[in-house]
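A.B. asks: below are the sequence and a predicted model for it; my questions follow.
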Amino acid sequence: MFAVGYGANQFVPLLMVYRRTLGLSDAEATAVFGVYALGLIPGLIVGGQASDRYGRRRLMVVFAALSVLATAVLISGQWGIEGLYAGRFLTGVVSGTVFSIGTAWVKELSEGAAPGAGARRAALALTAGFAIGPLVAGFLAQWAPAPQVLSYLVHLVLAGVALVLLPRAPETRLTGVVPVRRMRLLTASAADPRFRGVVVPMAPWVFGSVTMVFTTLPAHAVPPGGVLGVAFPGVLAAVALAAGAAVQTWGRRLHVAAKRRGGAGAAALGLGGVAAGSLAAAFAAARPSLLAATVAALLLGVGYGVCLIVGLDEVEQLAAPNELGAVVALYYSLAYAGLAIPYLLALAAPHIGYPNALLITTGAAVLTLIVVHVNGRSQARARSAGRE
């Protein structure tokens with residue numbers, strides 16, 4: 001999961017290189033980044049449900065191998081945007097499959113550990129890969145030769161190591177032991193009011209928040225030039241994701257405490273971080289500076305970290321054993337729908353400007369916070385009345 005997360009985000013600082021070398025417009029650059037989501041959704045849904053039926057390990061090995069191919073295709077993107085579209089789409093397919101299978105697998109491998117250990121381990125593995133990938137690729141793109149080739153070679157090595165280690169991991173999904181229903185998008189577990197009222201509205205802000213750090217902030221909240229140059233988008237991404245990793249343990253504890261009292265306080269707090277980060281991003285877009293962009297990245301990263309761990313913990317608690325992979329896949333699909341947020345910003349900005357577009361985004365995050373808080377409280381009251 002770390003290796004594939006690394007491969008998914010190594011592209012972040014290189015996008016600035018491709019803007020220059022291929023002459024990409026703002027909308028084209030955002031679309032190249034976002035086409036990843038078109039591959040993610042089928043990868044998530046099919047991968048999660050297929051692993052429920054056929055086992056975790058064999059599919060994980062196949063798609064870890066395909067991550068090598070995805071990176072090889074991205075290398076060809078230096079000669080044209082078509083290679084970037086194809087490489088990002090294939091990266092999305094691989095990432096969606098590995099994230100859904102891996103999250104379910106880690107949860108099952110964590111049986112007997114402290115409650116929530118599986119969600120925490122999966123979230124940390126992904127977040128570490130997401131953070132270190134752009135950081136390393138950014139420094140290589142800034143100061144190493146042949147950045148459009150060398151930056152990708154690190155991931156090829158990581159994927160090779162993962163392929164050596166994966167066959168040694170124990171299979172947890174023994175086919176035939178637990179009956180699996182026919183593949184479908186919506187499972188019985190996903191019909192739970194808690195999933196619909198809290199997880200569904202919160203999920204798009206998980207990756208919608210940090211994707212603004214990857215695309216919007218480097219292009220519109222940072223002064224041109226600077227000593228770090230191409231490396232700075234990677235630094236911003238690493239700062240946001242390090243903040244997200246740092247708050248996950250605290251965020252889960254808060255979530256557990258909030259659930260005992262009833263409601264969705266941790267989810268609302270995560271959305272509050274997203275709203276604060278969007279507001280800081282609006283300020284940074286109006287008055288670009290390294291400090292303003294870094295503050296916005298930190299706040300958006302905190303929102304990402306809390307929302308991610310809350311969502312994964314909710315999924316672990318709600319999913320039936322024979323639907324775990326499917327429900328994890330659905331959650332990630334909803335979370336990655338947030339990749340549309342920077343693209344919508346790019347479409348709106350030519351008409352109203354990035355500061356105003358980001359202020360509207362802030363308002364949308366606040367509205368979601370209110371919806372999640374109200375739904376969480378009403379469901380807590382309903383459960384309390386049912387016990388009486």
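C.D. replies: Alright, I've got the coordinates. Numbering: from 1, shown residues only.
A.B. asks: can we go C-alpha only for contacts and neighbour counts from here?
C.D. replies: Will do.
A.B. asks: all helices of the stretch 151-300 of the chain, in order?
C.D. replies: In the stretch 151-300 of the chain, helices defined by DSSP state H, counting those that start in this stretch lie at 193-194, 200-202, 204-211, 217-220, 231-246, 248-261, 265-286, 290-318, listed in chain order.
A.B. asks: could I get the ones you listed as TSV with mean pLDDT?
C.D. replies: Listed next are the helices of the stretch 151-300 of the chain as TSV, based on pLDDT from 0 to 100:
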stretch	mean pLDDT
helix 193-194	80
helix 200-202	93
helix 204-211	92
helix 217-220	87
helix 231-246	88
helix 248-261	76
helix 265-286	93
helix 290-318	91
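A.B. asks: who wins for proximity to His373 among these?
C.D. replies: helix 265-286 (6.1 Å; Cα to Cα).
A.B. asks: could you list every helix and strand in contact with that closest one?
C.D. replies: With contacts defined as 3 or more Cα pairs under 8 Å, 6 or more residues apart in numbering; DSSP states H and E, the packing partners of helix 265-286 are helix 204-211, helix 217-220, helix 248-261, helix 290-318, helix 354-387.
A.B. asks: closest to Leu40 out of those helices?
C.D. replies: Nearest of these (Cα to Cα): helix 204-211, 12.4 Å.
A.B. asks: name the residues that touch the closest one?
C.D. replies: Helix 204-211 has contacts (Cα atoms under 8 Å, 6 or more residues apart in numbering) with 237, 240-241, 271, 274, 278, 297, 300-301, 303-305, 307-308, 334-342, 365.
A.B. asks: what subset of these is buried?
C.D. replies: 237, 240-241, 271, 274, 278, 297, 300-301, 303-305, 307-308, 334-342, 365 (16 or more other Cα atoms under 10 Å).
A.B. asks: pull the helix or strand with minimum mean pLDDT from this protein.
C.D. replies: helix 248-261 (a mean of 76; mean pLDDT, DSSP states H and E).
A.B. asks: okay, and the closest residue to Ala104 other than its chain neighbours sits in which element?
C.D. replies: Distance criterion Cα to Cα, 6 or more residues apart in numbering; nearest residue to Ala104, sequence neighbours excluded, is Gly325 at 5.5 Å. Assigned by DSSP states H and E, Gly325 falls within helix 324-336.
A.B. asks: tell me how many other residues crowd the closest residue to Ser289 other than its chain neighbours.
C.D. replies: The shortest distance from Ser289 to any non-neighbouring residue, by Cα to Cα, 6+ apart, is to Val222 (5.2 Å). Residues contacting Val222 under the criterion other Cα atoms under 10 Å number 23.
A.B. asks: just Gly80 next, same as before
C.D. replies: Neighbours around Gly80, by other Cα under 10 Å: 12.
A.B. asks: and what of Gly116?
C.D. replies: The burial count for Gly116: 21, using other Cα under 10 Å.
A.B. asks: pretty sure it contacts Gly311?
C.D. replies: No: counting by Cα atoms under 8 Å, Gly116 does not reach Gly311; the two are 11.4 Å apart.
A.B. asks: so how far is Thr103 from Val12?
C.D. replies: Using Cα to Cα, to the nearest Å, one gets 23 Å for the distance from Val12 to Thr103.
A.B. asks: an error on my part: the question was meant for Pro288.
C.D. replies: 38 Å.
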